[in-house]
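[1] turn this into a structure:
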Amino acid sequence: MILQNRDLSWLSFNLRVLQEAHDPSVPLFERLKYLSIFSSNLNEFFRVRYPEVMALSILNKKTKKAIENFEENIADKIQDEIRFQLNFFGEILHDEILPELKQNGIIFYYEKPIRKEHLPEIREIFLSDILSFIQPIYLDPKAEKTFIAKNNQLYFIVTLKEDSDGILHHAIVNIPSDKVKRFFTLSPIDNYQYVVFLDDIVRENLQYLFPNHETTSVYSIKINRDSELHLADDYSGNLLQRIEKQLKKRDFGTPSRFLYEDGMPRNLQMFLAAVFDITSEEIFTGGRYHNLDDLSGFPTFNKDLYYQKRKPLSSENVMNSGDIFNILLNEDILLHLPYQSYNPVLSFFNQAAVDINVTDIYITLYRVAEESHIINALISAAKNGKNVVAFIELKARFDEANNIKWSKAMKQAGIRIIYSLPRIKVHSKIALIKKKKEEQKQSFAILSTGNFNEITAQFYTDHVLMTSDSGITKELMQLFKFLELTNVIEQAKKLKFNKLLASQFNMVPVLYKLIDEEIEKAGNGQPALIRIKVNNLEEPDIISKLYDAGNAGVQVELLVRSICCIVPGIPGQSENIVVKRIVGRYLEHSRILIFGTGDNAVVVIGSADLMTRNLYHRIEVMVKTQDRKCREELISYFDIQWKADDTDFHLLSDGVTQKEKENPSADKYNPQLAIYNFLADKK
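    Residues are numbered from 1 along each chain as shown. Coordinates of the predicted model:
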């Protein structure tokens, strides 16, 4: 079976992000944001994936042969691709973004000498706002053993000459971007606004740090470190305490990339590699400035250089009623974020917190907002005497500290907190509310493709289903009771689900069955169609089943935003499989799986991507939509995106994305705008 390498596939996605920065039809400051997203993504790649790539590359031949689908020289291919993308990044910034900024009256001091008129202003900023955060360190033999460069921290390596003896010394100077803003706006000159890096302010004022030395060279450097949490694969100990302990070590993990400014002499590179214990495979040439994900904080001058604001569509029938639970007794509510307002979700929890008839609230939390309205509603509910049970995933990567903070606040308020086990992540996005009025009991559920996070709901595309369907609510209650148990593995065998697809239980068998039903239709000469929209498609057995479906005559249409290990368009293997990738102003995050055509199509939404980790090492929940109106909306949603020929690309058999067709028209088809208009028309 042919599979695309997952890391190369992910890099092709990040290249797709970079192509948005290259697109002249995208507003200028949004193009800066895409450069920021590309840089942020690449940083995470080096913190999470690259250490594993390097670990695999040094295995002996016998071990490599034992690894299924192991690809030789993959580290070299990854390094070559990253270098190509970084060069492309530089071309976009130098040849396109900087000239356009100037055309719009903004001069960005990027690898440019500072005008003499600005030097006094820069000196004042340095002495008053920056100097107190700088701690220069001489790299003498003692310091070489004690100084450890923090993960993602910016530094200068400064070579100095002692006036008296002429001996060269090296010093490390931190660029305090973690304490001070990265960009400063300077006084305008000749109707131009000027922006300067913090880095250049420090660089221009090094004489105040080393008054008795001559500076002979200055180069910027940065180190990425392995940021994965390494937790014992057992049930012992306090997970919260162990994660807190690991978080303190994250900034000082094993180095995974040493990035240095181009032009640094080879002998200085080798000296620093020895100081920081870096191997040659982890050394990468960079530009003068690192951490360009900070471009997202570039000063704002002209709002016309951003996307025009698009107000989320309101759900007037829901919000005007003032009683969301009464509506749910009669119909399901399906929200499409961020096109529609997130307010009904907030209303769901806020009303539950004060409703005297609500007795219980259950919820899983993976990534929440730093100032979460939902968690504040849960705290209010607990203080109002309701039984609130929150399953919080402490291992949500890079959100661990925020989740720990909220778990402590909730526990203090009387909420029962359940933490995940070390080897299982709970990634499902589900909530259940139970009401009791007189002798009548009612239950209401939320099942979402995205997190309970009102901030990401503004720019992640997701779907939220609210329902009082008794079959769904009963099965969710089973699942929550399961999550409260200690002996998870044994109890997992006892639970049965029909309307829910839950990983660890029935998700994979149900998906296989749905694929097989389409294969059978194709064999009988009936229309057979599989449509899937996910973030990532990597699990080998699912891919094998999709290959089988395509070869049996099933038309397979895949919208995969990021990692896609299936290879489309191979004669005799995947001719009936087409893959598209959509990247636009919103992050495509929803998961929709549609099997079949017409009124009999089975439509599934939920939290799971089609990856090994999601299907076998997490608790994920998906649901078969029961309401006909909801099913039709989701099918239309997919179809609208599938028609895209502007912001989407076809994924080719070599793993590269290529534009489906060029359209010289100014009114190009935009699938995200088309979704917004579709929902506005239905309002």
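
[2] show me this protein divided up by domain.
    The record's domain parsing of the chain by automatic domain parsing lists 6-305, 316-495, 502-682.

[3] so for the longest one, mean pLDDT?
    Average pLDDT, domain 6-305: 85.

[4] distance between the ends of it?
    Distance across domain 6-305, first residue to last, is 35 Å (Cα to Cα, to the nearest Å).

[5] how far out from the middle of the chain is that domain?
    On the basis of Cα atoms, centre = their mean, to the nearest Å, domain 6-305 sits 20 Å off its chain's mean C-alpha point.

[6] for stretch 603-623, same thing?
    For stretch 603-623, the distance to the chain centre is 16 Å (Cα atoms, centre = their mean).

[7] can you give me the buried ones in that stretch?
    603-611, 613-615, 618-623 (16 or more other Cβ atoms under 10 Å). C-betas here are computed from N, CA, C, even on glycine.

[8] for the closest residue to Met477 other than its chain neighbours, give the beta-bridge partners.
    Spatial nearest neighbour of Met477, excluding adjacent residues (Cβ to Cβ, 6 or more residues apart in numbering): Leu432 at 6.2 Å. With DSSP bridges as the criterion, Leu432 is bridged to Tyr362, Ala445.

[9] in the stretch 51-200 of the chain, which spans are strands?
    106-109, 137-138, 154-162, 168-175, 183-189, 192-197 (DSSP state E, counting those that start in this stretch).

[10] before we move on, the earlier item: was I right about the residue nearest to Met477 contacting Thr364?
    No. Contact between Leu432 and Thr364 fails when scored by Cβ atoms under 8 Å: they sit 9.8 Å apart.

[11] now the longest strand along the chain: buried residues?
    Longest strand in the chain by number of residues, with DSSP state E as the criterion: strand 213-225. Within strand 213-225, the residues that count as buried by 16+ other Cβ under 10 Å are His213, Thr215, Val218, Tyr219, Ser220, Ile221, Lys222, Ile223, Asn224, Arg225.

[12] other SSEs contacting the helix or strand encompassing Leu679?
    Using DSSP states H and E, Leu679 sits in helix 671-682. For helix 671-682, the packing partners by 3 or more Cβ pairs under 8 Å, 6 or more residues apart in numbering; DSSP states H and E come out as helix 628-642.

[13] can you rerun that using 10 Å?
    Contacts defined by 3 or more Cβ pairs under 10 Å, 6 or more residues apart in numbering; DSSP states H and E place helix 671-682 against strand 333-337, strand 577-582, helix 628-642.

[14] so which of those is nearest His650?
    Of all these, strand 577-582 sits nearest to His650, with 5.9 Å by Cβ to Cβ.

[15] still on that earlier bit, partners of the longest strand of the chain in the sheet?
    Strand 213-225 has the following sheet partners, assigned by DSSP bridges: strand 154-162 (antiparallel), strand 255-261 (antiparallel).

[16] most tightly surrounded among the ones you listed?
    strand 255-261 (a mean of 22; mean count of other Cβ atoms under 10 Å).

[17] Gln193: what's it in contact with?
    With contact taken as Cβ atoms under 10 Å, 6 or more residues apart in numbering, Gln193 is in contact with Leu101, Asn104, Gly105, Ile106, Ile107, Phe108, Thr185, Leu186, Ser187, Pro299, Phe301, Asn302.
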